[in-house]
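structure for the following, please:
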Amino acid sequence: LEFGKIRPWQWLTANFMHADWMHLIGNMIFLWGFGLLVEGKAGAALFTAVYLGMGTIFGAVLQLGTFPFFHDGTALGASAVIFALLALCILWAPANEFTVFAGRFVFDVPILIYGGLFVTKEIAFWALEGFELNTPLLHLLGFAVGIPAGVYLLRSGK
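Numbers count the residues shown, from 1 in each chain. I've put the predicted structure just below:
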């Protein structure tokens with residue numbers, strides 16, 4: 001997703017691009033965790049529409065919002081959409097638990113706490129990096145896209 005340009009196709013395609021294998025693998029692990037819960041509650045067809053819709057909305061907001069201010073730079077990857085899925089998980093099933101594997105330790109953590117820790121970490125890193133346009137901010141913007149989507153889907157009974 002190129003900054004300083006208006007290219008609507010990038011609003012969708014940027015969600016499928018990754019910087020390297022580790023970026024892709026990391027995103028797929030979290031997509032598996034958060035996506036499994038959302039797909040289980042919404043079904044495959046609605047999950048696909050929500051995933052693509054939130055990713056496209058994020059891309060549009062980012063490219064259009066940065067257009068007047070940034071003329072170089074790019075963003076890519078599924079991270080923002082995965083943070084949007086995290087928002088849906090927190091809204092839809094805050095008491096559900098994720099099993100966390102941390103070395104020798106395996107324990108369950110409620111999604112509300114797990115997600116809250118991730119969002120808090122992103123806020124802290126964004127602050128430590130000087131509140132710049134950076135990866136933590138993009139993750140937080142993805143989370144912000146997920147909140148109204150999740151509320152809408154809840155209220156509409158989907």
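
other SSEs contacting the helix or strand of the chain with the lowest mean pLDDT?
Using mean pLDDT, DSSP states H and E, strand 97-102 stands out as the lowest-scoring helix or strand of the chain, at a mean of 88. Here strand 97-102 touches strand 105-110, helix 111-128, going by 3 or more C-beta pairs under 8 Å, 6 or more residues apart in numbering; DSSP states H and E. To be clear about C-beta, it is placed using only N, CA and C from the backbone, and glycine gets the same treatment.

same thing but at 10 Å, please
Judged by 3 or more C-beta pairs under 10 Å, 6 or more residues apart in numbering; DSSP states H and E, the packing partners of strand 97-102 are helix 21-42, strand 105-110, helix 111-128.

mind listing what's buried in that strand?
Phe98 (16 or more other C-beta atoms under 10 Å).

could you dump it to PDB, C-alpha only?
Output of strand 97-102 as PDB, limited to C-alpha atoms (Å, rounded to 0.1, in the frame of the first residue of the first chain):
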ATOM      1  CA  GLU A  97      -9.800 -18.800  26.500                       C
ATOM      2  CA  PHE A  98      -6.700 -19.200  24.400                       C
ATOM      3  CA  THR A  99      -4.200 -21.800  25.300                       C
ATOM      4  CA  VAL A 100      -0.800 -20.100  25.500                       C
ATOM      5  CA  PHE A 101       2.500 -22.100  25.000                       C
ATOM      6  CA  ALA A 102       5.400 -20.200  26.600                       C
END
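
relative orientation of that strand and helix 21-42 in degrees?
Going by axes from the mean of the first three to the mean of the last three C-alpha atoms, to 10 degrees, strand 97-102 is angled at 160 degrees with respect to helix 21-42.

and strand 97-102, which strands flank it?
The sheet places strand 97-102 alongside strand 105-110 (antiparallel), with pairing taken from DSSP bridges.

follow-up on the earlier one: could you dump the helices and strands packed on strand 97-102 into CSV with mean neighbour count, distance to Gly55 and mean pLDDT added?
Below are the helices and strands packed on strand 97-102 laid out as CSV (neighbours: other C-beta atoms under 10 Å; distance: least, C-beta to C-beta, whole Å; pLDDT from 0 to 100):
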stretch, mean neighbour count, distance to Gly55, mean pLDDT
helix 21-42, 16, 11, 92
strand 105-110, 11, 26, 94
helix 111-128, 15, 18, 96
